[in-house]
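J.: have a look; sequence and predicted model below, questions after that.
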Number of protein chains: 2
Amino acid sequence: MPLVSRDSDVHMQKAIVSDPLSGAEPLYKQVKNKIIQNLTSDEWKPGSVIPSETKLAETYGVGVSTIRMAIGELVAARILIRRQGKGTFVSSRADQHSVYQFFHVVKDGADREAPVSELLSFKRGQADDKVADILNLPRSSKDSEVFKLRNLLRISGSPVALYDIVIPCALFKGLSENVIRNFGRTLYGVYQSRYGITIVSTTEELRAVKADSTVARSLKIQTGDPVIEVTRVASTFDSKPVEVRRGWVNTKGFHYFITQGGE
Amino acid sequence: MPLVSRDSDVHMQKAIVSDPLSGAEPLYKQVKNKIIQNLTSDEWKPGSVIPSETKLAETYGVGVSTIRMAIGELVAARILIRRQGKGTFVSSRADQHSVYQFFHVVKDGADREAPVSELLSFKRGQADDKVADILNLPRSSKDSEVFKLRNLLRISGSPVALYDIVIPCALFKGLSENVIRNFGRTLYGVYQSRYGITIVSTTEELRAVKADSTVARSLKIQTGDPVIEVTRVASTFDSKPVEVRRGWVNTKGFHYFITQGGE
DNA sequence: GAGTGGTCTAGACCACACC
DNA sequence: GTGTGGTCTAGACCACTCC
């Protein structure tokens, strides 16, 4: 059932329209948003193929090149992956190679190795005001309830990072300790496969601080040793913040890496 | 004088050809490389307009859409900037907004403010083996001569970072203390405006370490205070490493920021 | 109005993957 | 062979900028 193009028909849902006078969004942006909808609603699952360009063109009633533009932007944003002869795939950020999209710590002088995470604690409570503001939750109300997790990451057995994680209960209904333990390798994998929430961007603030006794004990270093303190806000497609975490990274034998630019 | 397309003519320089049998690169990649050549040779200067799409299409003897593909990739890499109705511009990384492309430190709770840099020392010497390897220089020969700079960065007067910088003499002939002092706001600005070298990508390794006495004195903190140690390799278009620097960042009142993903 | 990039299309042929 | 994405083109019309 092709959606509208070049006409201003009204359907039950927002149709794809190209009407210069109404200041409508470009067709390819509308297509892009439709695709994102399908991704957020988990209709198209991570790792799977999406319909071919020609099929999408028919479905939405636009030219193939328009579809290519929409897909092109999503490929640039690493949300989709094109493979010649095979199809266009939904990027699976949970797989080996792309864990490092958001985890930037590696062992000195070694190749990237996937970290193993251990859930140390799982609680339910109120978000403090600062976190509530970041997550766009009301302050101190029933809707500001959050899950609070503590996670320890190891690389080849050595403790690398301790993270305190805060996520809204409203977005992750039914989340429990068991779900996390049994579900996925990474937390973002759980967000994605169980809740259809894909983390696509993060902002981080880094500081060098002295490890307190708790951090030191977890990371097996001395109290007062320098560690990197990371405060991260993770967001989904529309820059909607979903998770706030604060962590401490052991950089004795490990380092935090960043690449900028490049093609 | 249009270059070749669809034929295999031989010119004095590499012509743009589309010959499926010879396994040649796609036309648009060749165009992209031509554009990069014009940028590296400083024929098209940062901040200026490049020829219009139609002109480029004529010049290189390809279709406008092919030009658009080439430009599209360079825009995605933030090397070119398109402005509707005005033209396509060479990104000037020295301007206010893009200083932060490679400098990731800001004052806590404040807007981004451009840092001011002070040259503390300027020497000429041999690169040690490790640095020589990174910069692709021969070990301990005449060609492994490098300039060694020490730089102090301040934000609103407060010392933020101390950097030791190493660059090959061969690439920066005639560089002197005076050139740096009189030339530009940033060192990368000098690389670009005086040597036609544009830094387009960097990799950084971060560690939390204790400040030694030199670092502490420069940053006006206590010896032993935690600081972030940054080791950066900066590269130009073809991933050719141009500069190695090691720095120490004061994160008392400042933080190092990172954004990943996003559209 | 003239020139620029922005959007959108239709269609050709190629390279690759799978059967 | 069939279907996928990859490359490449020609051309239409729109929106913006400058004169």
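T.: Structure's in. What do you need? Numbers count the residues shown, from 1 in each chain, chains lettered A, B, ... in the order given.
J.: in stretch A:201-220, what's buried?
T.: A:201-211, A:215-216, A:218-219 (16 or more other Cβ atoms under 10 Å in any protein chain shown). Any C-beta I mention is one placed from the backbone N, CA and C, and that applies to glycine too.
J.: again, but for stretch A:182-194
T.: Buried residues in stretch A:182-194, counted by 16+ other Cβ under 10 Å: A:G184, A:T186, A:L187, A:Y188, A:G189, A:V190, A:Y191, A:Q192, A:S193, A:R194.
J.: can you count the residues close to the closest residue in space to A:K240 that isn't next to it in sequence?
T.: Nearest non-adjacent residue to A:K240, counting by Cβ to Cβ, 6 or more residues apart in numbering or on different chains: A:N136, 7.6 Å away. Other residues near A:N136 come to 10 when the count uses other Cβ atoms under 10 Å in any protein chain shown.
J.: phi, psi of A:N136?
T.: Per-residue torsions, A:N136: phi 60, psi 40 (degrees, to the nearest 10).
J.: before we move on, the earlier item: from the buried residues of stretch A:201-220, which two are the most distant?
T.: The most widely separated members of the buried residues of stretch A:201-220, counting by Cβ to Cβ, are A:S201 and A:A216 (31.6 Å).
J.: strands - which of the buried residues of stretch A:201-220 land there?
T.: Under the assignment DSSP state E, these contribute A:S201, A:T202, A:T203, A:E204, A:E205, A:L206, A:R207, A:A208, A:V209, A:K210 to strands.
J.: for A:K123, list each beta-bridge partner.
T.: In this entry, A:K123 is beta-bridged to A:K148, by DSSP bridges.
J.: that one contacts A:D164, correct?
T.: No: assessed by Cβ atoms under 8 Å, A:K123 is found out of contact with A:D164, at 10.4 Å.
J.: what about the two, which has more around it?
T.: Here A:K123 and A:D164 are compared on neighbour count by other Cβ under 10 Å; more neighbours surround A:D164, at 16 against 10.
J.: contact partners for that one?
T.: A:K148, A:L149, A:R150, A:N151, A:R245, A:R246, A:G247 (Cβ atoms under 8 Å, 6 or more residues apart in numbering or on different chains).
J.: same deal with A:V249?
T.: Residues in contact with A:V249 (Cβ under 8 Å, 6+ apart) are A:V105, A:V160, A:A161, A:V227, A:I228, A:E229, A:V230, A:Y256, B:A208.
J.: just flag the most distant two among the residues you listed.
T.: Distance extremes for the contacts of A:V249: the farthest pair is A:V160 and A:E229 at 14.0 Å, using Cβ to Cβ.
J.: for the two, indicate the residue with more neighbours.
T.: A:V160 (25 against 21).
J.: give me the beta-bridge partners of the residue lying closest to that one once chain neighbours are set aside?
T.: Take A:V160 and drop its neighbours on the chain: the residue closest to it by Cβ to Cβ, 6+ apart is A:L153, 5.0 Å away. With DSSP bridges as the criterion, A:L153 is bridged to A:S117, A:A161.
J.: can you list the weak-confidence ranges in the stretch 101-250 of chain A?
T.: A:101, A:183-185, A:238 (pLDDT under 70).
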